[in-house]
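Undergrad: turn this into a structure:
(one chain, ligands or ions: 1)
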Amino acid sequence: MSWRTALTSQARVTHRTLQVASHLSASPARHSNPSSPVTSPPPSPRLSATMSSSAGSAGFKQEPHKLLVIPGPIEVSDDVLWANAHPSVSHVSPDFVPILGDSIRMLRQVLFAPESQPVITAGSGTLGWDHVAANVAQPGEDVLVLNSGYFGDSFAECFETYGAKVTQLKAPIGSKPALSDVEAALKSKKYSVVTFTHVDTSTGVLSDAKGLGELVKRVSPESILVLDGVCSVGSEEIRMQDWGIDVVLTASQKGLGCPPGLMVLAASKKAIAKFEKRASPPNSYFASWAKWLPVMKAYESGTGAYFGTPPTNLIYALNASLQAITKGSVSLEDRFAAHKATSAKVKNFVQSLGLEQLVADGIKDGANGMTAVKYPQGIKAGDLLPKMVAKNIVIAAGLHKEVKDTYFRIGHMGVTVVDPSRGDIDHLLKSLKESLSEAGYKGN
Ligand SMILES: Cc1ncc(COP(=O)(O)O)c(C=O)c1O
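TA: Below is the predicted model:
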């Protein structure tokens, strides 16, 4: 029996067992359970101040808090937080199964990837790297990592952990490898996997996902092209299928507008075919596609299956956020356009203050969901960030290890961008100008 046959039959048994279990564990209707932490007196102090006793997100408003405008985690809408406060349900109950099943379907829409297979589990973006390294790459295979900052180094380290042979094509800080250099690298050696960071969160560089897709298709069509979309899914346009991207991996806490805690990915048929041809089983247990693919298919077909308990509440939150993204008042196209417009506004504003960005031409080459800004001469993190916090705004320090003390980062993703009635961006920009001035910056 091959490793595949053994694992598939094991998944089927588990699946059948849980179909029976799901009939035994129908969960209560939402908020009708008298023991629900949301409806039973006394409610938690965090919720009690701002939630009417009538159920429904219309009655829920999160407590006043500091505006979180780092490049993830980001601000989460009241609707999504309310969904996260769902009473506990069985992960295989008929109530919960379609919540995950529909999330899988909506993710395909967000990524324009109708034929892809999504996988959504507990975890974070880092676990997405493990999924790729353990299922798509095989030990000893050559992998090309296109490095535009901190996260390329880490993805490379992850591949090495699983035994792949990694070559990195590194760009100077604030830029990405040129397509011509990538082409030369692809012509010099056969790479089974090629990865790039769509938005490097340490630098704010935006990679050319479409251009890389075309290039790999033309020069190295057998290679699996992987897009690290932890800082781009939801805020940047990604046409996974048309552009020839084979795996998109991300996490819940950035453009998808949820609390942290989910690993989210989608794999093309080509990526799954490569996985199925592996000579040896995936060299991870929790990240094994042999385990997860049957489970995802079962949820989508309407029956529960089990391999590792899903974080049910977070999946309610993800479902609410994906509904807003795919069916809300702002279309997907308008969402991308809003991120572009906000990004241009932020970048033009910092430029008007006389500040430089890590990406020299941020509007042309930078991310639309974040901006990395150099401190002016004589000003350090300790001079600026606490002054922003005093105005109830949290921005982030630098991250790229070679230059981290020379710049700060602003996130502009999700509800902060698509709901201008919140006034977040204007509040942010006004506070930035005031804080710089308080720190002694004279500006333009
Ligand atoms: C581009 C990128 N990749 C991967 C990661 C790792 O994701 P996580 O922190 O969710 O594990 C991050 C985190 O910020 C990221 O920005």
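
Undergrad: where does the stretch 1-150 of the chain dip in pLDDT?
TA: Within the stretch 1-150 of the chain, the ranges that satisfy pLDDT under 70 run 1-58.

Undergrad: who does whichever residue of the stretch 251-400 of the chain sits closest to the ligand form a beta bridge with?
TA: Distances between the stretch 251-400 of the chain and the ligand by CB to the nearest ligand atom are smallest at Ala251, namely 3.7 Å. Backbone N, C-alpha and C define where each C-beta goes, glycine included. Assessed by DSSP bridges, Ala251 has beta-bridge partners Met263.

Undergrad: that one against Pro259, yeah?
TA: No. Ala251 is beyond contact range of Pro259, at 10.5 Å (criterion: CB atoms under 8 Å).

Undergrad: more neighbours, those two?
TA: Neighbours per residue (other CB atoms under 10 Å) separate Ala251 from Pro259, with Ala251 holding more: 26 against 19.

Undergrad: how confident was the prediction at the more buried one?
TA: You'll see Ala251 listed with a pLDDT of 98.

Undergrad: then Gly304?
TA: 88.

Undergrad: burial of it, as a residue count?
TA: 24.

Undergrad: wondering if stretch 118-137 reaches the ligand at all.
TA: Yes. Stretch 118-137 is in contact with the ligand by CB under 6 Å from any ligand atom, via Ser124, Gly125, Thr126.

Undergrad: quick check: end-to-end length of that stretch?
TA: Across its full length, stretch 118-137 reaches 18 Å end to end, with CA to CA, to the nearest Å as the criterion.

Undergrad: could you shift the numbering so residue one becomes 39, and keep it that way?
TA: With the count now opening at 39, the last piece we talked about shows up as stretch 156-175.

Undergrad: which positions in it come out as buried?
TA: 156-159, 161-163, 165-175 (16 or more other CB atoms under 10 Å).

Undergrad: out of those residues, name the ones that lie in strands.
TA: Members of these lying in strands (criterion: DSSP state E): Pro156, Val157, Ile158, Thr159.

Undergrad: show me the contacts for the last one.
TA: Applying CB atoms under 8 Å, 6 or more residues apart in numbering to Thr159 gives the contacts Leu165, Leu300, Met301, Trp330, Gly346, Pro348.

Undergrad: mind redoing it with 6 Å?
TA: With contact taken as CB atoms under 6 Å, 6 or more residues apart in numbering, Thr159 is in contact with Met301.

Undergrad: domain boundaries for this structure, per the record?
TA: Taking automatic domain parsing as the reference, the chain has its domains at 135-365, 370-476.

Undergrad: pick the most deeply packed of these.
TA: domain 135-365 (a mean of 21; mean count of other CB atoms under 10 Å).

Undergrad: now the terminal residues of it, how far apart.
TA: Calculated as CA to CA, the first-to-last residue distance of domain 135-365 is 20 Å.

Undergrad: off-centre distance for it?
TA: Domain 135-365 sits 10 Å away from the centroid of its parent chain (CA atoms, centre = their mean, to the nearest Å).

Undergrad: one more: stretch 360-373?
TA: In terms of CA atoms, centre = their mean, the gap separating the centre of stretch 360-373 from the centre of its chain is 16 Å.

Undergrad: so what touches it?
TA: So stretch 360-373 is contacted by Ser141, Met144, Gln147, Val148, Val456 (CB under 6 Å, 6+ apart).

Undergrad: which ones are touching the fourth one?
TA: Listed by CB under 6 Å, 6+ apart, the contact set of Val148 reads Ile363.

Undergrad: any idea what sits nearest Val257, other than its immediate chain neighbours?
TA: Leu224 (4.6 Å; CB to CB, 6 or more residues apart in numbering).

Undergrad: ok, then the element right after the helix or strand encompassing the one you found?
TA: When elements are assigned from DSSP states H and E, Leu224 belongs to helix 217-226. For helix 217-226, the following helix or strand on the C-terminal side (DSSP H and E) is strand 231-235.

Undergrad: for that next one, output the C-alpha coordinates as CSV.
TA: Output in CSV follows, covering the C-alpha atoms of strand 231-235 (Å, rounded to 0.1, in the frame of the first residue of the first chain):
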residue,chain,number,x,y,z
VAL,A,231,9.1,25.6,-6.7
VAL,A,232,9.4,29.4,-7.1
THR,A,233,8.2,31.7,-4.3
PHE,A,234,7.7,35.4,-3.9
THR,A,235,6.4,37.7,-1.2
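
Undergrad: and it, what does it pack against?
TA: strand 180-185, helix 188-199, strand 262-266 (3 or more CB pairs under 6 Å, 6 or more residues apart in numbering; DSSP states H and E).

Undergrad: contacts only, for Gly407.
TA: Ser273, His377, Met451.

Undergrad: those residues also near the ligand: which ones?
TA: Residues of the contacts of Gly407 in contact with the ligand (CB under 6 Å from any ligand atom): none.

Undergrad: in strands, which of those residues fall?
TA: Among the contacts of Gly407, no member falls in strands (DSSP E).

Undergrad: filter the buried residues of stretch 156-175 down to just the ones in helices.
TA: Gly163, Leu165, Gly166, Trp167, Asp168, His169 (DSSP state H).

Undergrad: return the distance of the closest residue to the ligand within the chain relative to Gly366.
TA: Nearest residue of the chain to the ligand: Gly163, at 2.5 Å (CB to the nearest ligand atom). Applying CB to CB, to the nearest Å, the value for Gly163 to Gly366 is 24 Å.

Undergrad: and Ile431, by the same measure?
TA: In terms of CB to CB, Ile431 sits 26 Å off from Gly366.

Undergrad: now do the strands in the stretch 339-482 of the chain.
TA: For the stretch 339-482 of the chain, the strands defined by DSSP state E, counting those that start in this stretch occupy 408-412, 431-432, 434-435, 445-449.

Undergrad: what distance do you get for Lys365 to Pro152?
TA: 17 Å.

Undergrad: wait, Gly267
TA: With the distance defined as CB to CB, Gly267 ends up 17 Å from Pro152.

Undergrad: same question, Gly461
TA: 37 Å.

Undergrad: touching, Gln127 and Val135? I think so.
TA: Just so we're on the same page, residue 127 is Val rather than Gln. No. With contact defined as CB atoms under 6 Å, Val127 and Val135 do not form a contacting pair (9.9 Å).
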